[in-house]
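Chemist: need coordinates for the following:
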Amino acid sequence: MMMNLFSSFEPGVTFNLPLNWMSTFIGLLIIPPMYWVFPSRHHILWTNIIFTLHKEFKTLLGKKTNGMTLMFISLFVIILFNNFMGLFPYIFTSTSHLVLTLTLALPLWMSFMIYGWLTNTIHMLAHLVPQGTPPLLMPFMVCIETISNIIRPGTLAIRLTANMIAGHLLMTLLGSTGPHLSPMLVNFLVMAQILLLILESAVAIIQSYVFSVLSTLYSSEVI
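Modeler: Reported below is the predicted structural model:
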């Protein structure tokens, strides 16, 4: 029995074991082996999605891509798979935990910062003071820009986690009222749950796209 609503997001809530994190790799198991051998509609769809993302990320990064688009496309696919797997019943939603989202965001941000400060120090220092800032406000702008850079991995991680938790909690709250409703209201409840499921599917795509695009924009600032 759950003590509270948030206990459904605990890693060991099902079998009292941390094996629920294995759901991160379940997406690889549902891909049929023949997908990699013969072209199909799914293969063509994924190819079009990957090429579209490659063109967009290449535009954001500029000329100095050096294969970086592959990293951000992989990041998009990993988050997308985990977001969708969390919509299935009794499957652990790993992207609703800061442990996973910070693991994705923090190393990326650290690598961008280290690379920028070691290879392009003057550009990084100039980026702390926006163009056209009055000399009197320069110390304050340096503090503001420094804080905004430091909290970037946290905002990336919290944005993804909060959006995944919010929809799941709303569906849980509505679903828990089902046994106490009349048959007529249960029909409306089922329709509301279907609409919420469609909304959550859209949120899963949008949040994975936002995470990868923002990571691309952060990297383009230090190249």
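Chemist: contacting residues for G86?
Modeler: S23, F92, T93, S94, T95, S96, M164, H168, A204 (C-beta atoms under 8 Å, 6 or more residues apart in numbering). All C-beta atoms are positioned from the backbone trio N, CA, C, and that covers glycine.
Chemist: count of neighbours near the third one?
Modeler: Burial of T93, expressed as a neighbour count using other C-beta atoms under 10 Å, amounts to 22.
Chemist: among the contacts of G86, which one lies nearest to V222?
Modeler: The nearest member of the contacts of G86 to V222, counting by C-beta to C-beta, is T95 at 25.9 Å.
Chemist: name the nearest residue to the closest one, sequence neighbours excluded.
Modeler: Using C-beta to C-beta, 6 or more residues apart in numbering and skipping residues adjacent in sequence, the residue nearest T95 is N82, 4.6 Å away.
Chemist: and the helix or strand containing that neighbour, what's buried?
Modeler: Here N82, judged by DSSP states H and E, is contained in helix 68-85. Residues 68-69, 72-73, 75-85 are the ones in helix 68-85 that count as buried (16 or more other C-beta atoms under 10 Å).
Chemist: which of those residues sit farthest apart?
Modeler: Among the buried residues of helix 68-85, the pair separated by the greatest distance (C-beta to C-beta) is M68 and M85, at 26.4 Å.
Chemist: return the distance of the host helix or strand of L173 from the chain's centre.
Modeler: Taking DSSP H and E as the criterion, L173 maps to helix 152-176. Taking the mean of its C-alpha atoms, helix 152-176 sits 11 Å from the chain's own mean (C-alpha atoms, centre = their mean, to the nearest Å).
Chemist: and it, what other elements does it pack with?
Modeler: Helices and strands touching helix 152-176, by 3 or more C-beta pairs under 8 Å, 6 or more residues apart in numbering; DSSP states H and E, are helix 98-119, helix 183-220.
Chemist: out of these, nearest to G154?
Modeler: Each of the helices and strands packed on helix 152-176 was scored for nearness to G154 using C-beta to C-beta, and the closest is helix 98-119 (7.7 Å).
Chemist: which SS state does P89 fall under?
Modeler: With DSSP: H, G, I helix; E, B strand; the rest coil as the basis, P89 sits in coil.
Chemist: give me the neighbour count for S148.
Modeler: For S148, the neighbour count with other C-beta under 10 Å is 11.
Chemist: ignore what I typed, I meant S23.
Modeler: When neighbours are counted by other C-beta under 10 Å, S23 registers 18.
Chemist: T101 now?
Modeler: T101 - counted by other C-beta under 10 Å - has 25 other residues nearby.
Chemist: nearest spatial neighbour of it, skipping sequence neighbours?
Modeler: Nearest in space to T101, with sequence neighbours left out and distances taken as C-beta to C-beta, 6+ apart, is A157 at 3.7 Å.
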